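Trainee: generate a structure from the sequence data that follows.
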Amino acid sequence: MGYYFSKFLFWIFGWKVDGVIPKGIEKAVMIAAPHTSNWDFLWARCAFFIMRAPVRYTVKKELLKFPLNLILNPLGAIGIDRTKRTPGKSKLSMTEAMIRLFDEKDKLIVLVTPEGTRSYAPEWKTGFYRVAEGAKVPILCGYLDYKNKRAGVGPMFVVDGQFEKQLEEIKQFYRPIQGKYPENGVK
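Mentor: Numbers count the residues shown, from 1 in each chain. Presented below is the predicted three-dimensional model:
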């Protein structure tokens with residue numbers, strides 16, 4: 001159902017799918033950028049249905065209870081459990097909880113918005129990199145280019161510990177890509 005509905009929407013609105021997830025990649029952190037609109041979710045979800053890519057996104061595990069689970073699960077939601085590690089200890093950080101998810105799953109590609117907001121964010125949050133580093137998985141660059149009506153997957157980065165250098169290379173890929181609201185995109 002999701003595949004055919006997505007193909008129909010892309011056809012009606014003139015969108016195309018460009019890149020795909022490289023063969024053999026079963027675990028990865030996928031960046032979703034530029035993230036400038038609530039519409040990004042619809043177009044990204046449709047693109048992944050068309051690619052037949054099992055991309056997931058995180059929500060609080062409490063949201064995956066009836067009746068919301070009937071909507072969120074088919075759309076790729078995966079619950080994050082940030083409960084306390086042991087009695088008297090603090091909750092897991094989001095990064096630790098996501099690394100735990102990768103440890104528990106044989107296959108997992110998780111979508112992350114490093115901007116952390118739909119507004120312009122001059123500094124990206126580093127969690128996507130820390131999760132990829134901790135889980136020992138690559139980073140994929142997912143994108144939505146509203147100007148050219150293209151959705152897809154760009155380059156893959158293997159985390160090498162040189163965060164600043166790799167972040168600049170990643171941002172370099174995203175700079176020519178235009179979000180729905182270009183003024184909020186990557187600078």
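Trainee: can we go C-alpha only for contacts and neighbour counts from here?
Mentor: Will do.
Trainee: what part of the protein, helix or strand, is modelled with the least confidence?
Mentor: Sorting the helices and strands of the chain by mean pLDDT, DSSP states H and E puts strand 77-80 at the bottom, at a mean of 85.
Trainee: check contacts around residue 137.
Mentor: Counting by C-alpha atoms under 8 Å, 6 or more residues apart in numbering, residue 137 touches 27-29, 158-159.
Trainee: could I get the contacting residues of residue 152?
Mentor: Residue 152 makes contact with 17-20, 47, 142-144 under the criterion C-alpha under 8 Å, 6+ apart.
Trainee: and which of the residues you listed is nearest residue 163?
Mentor: residue 142 (18.7 Å; C-alpha to C-alpha).
Trainee: can you classify the closest one by secondary structure?
Mentor: Assigned with DSSP: H, G, I helix; E, B strand; the rest coil, residue 142 falls in the strand class.
Trainee: that one pairs with what?
Mentor: Beta-bridge pairing of residue 142 under DSSP bridges involves residue 32, residue 153.
Trainee: what about it, distance to residue 12?
Mentor: 22 Å (C-alpha to C-alpha, to the nearest Å).
Trainee: quick one: which of those two has more around it?
Mentor: residue 142 (27 against 9; other C-alpha atoms under 10 Å).
Trainee: go ahead and confirm that one touches residue 35.
Mentor: No. With contact defined as C-alpha atoms under 8 Å, residue 142 does not reach residue 35; the gap is 10.5 Å.
Trainee: what sits in contact with each of these two?
Mentor: Here residue 142 and residue 35 share no contacting residue, scored by C-alpha under 8 Å, 6+ apart.
Trainee: re the thing from before, only whichever of the contacts of residue 152 are buried, select them in PyMOL.
Mentor: PyMOL command restricting those to the buried ones, with burial defined by 16 or more other C-alpha atoms under 10 Å:
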select buried, resi 17+19+20+47+142+143+144
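Trainee: element containing the spatially most central residue of the chain?
Mentor: Centroid check for the chain by C-alpha atoms, centre = their mean gives residue 111 as the closest residue, at 1.7 Å. Taking DSSP states H and E as the definition, residue 111 sits inside strand 108-112.
Trainee: which strand residues bridge the closest residue to residue 83 other than its chain neighbours?
Mentor: Sequence neighbours aside, residue 91 is the residue nearest to residue 83 in space, at 5.4 Å (criterion: C-alpha to C-alpha, 6 or more residues apart in numbering). Counting by DSSP bridges, residue 91 is bridged to residue 84.
Trainee: burial count for residue 91?
Mentor: Neighbour count of residue 91, defined by other C-alpha under 10 Å: 15.
Trainee: one more: residue 65?
Mentor: Using other C-alpha under 10 Å, residue 65 has 11 other residues around it.
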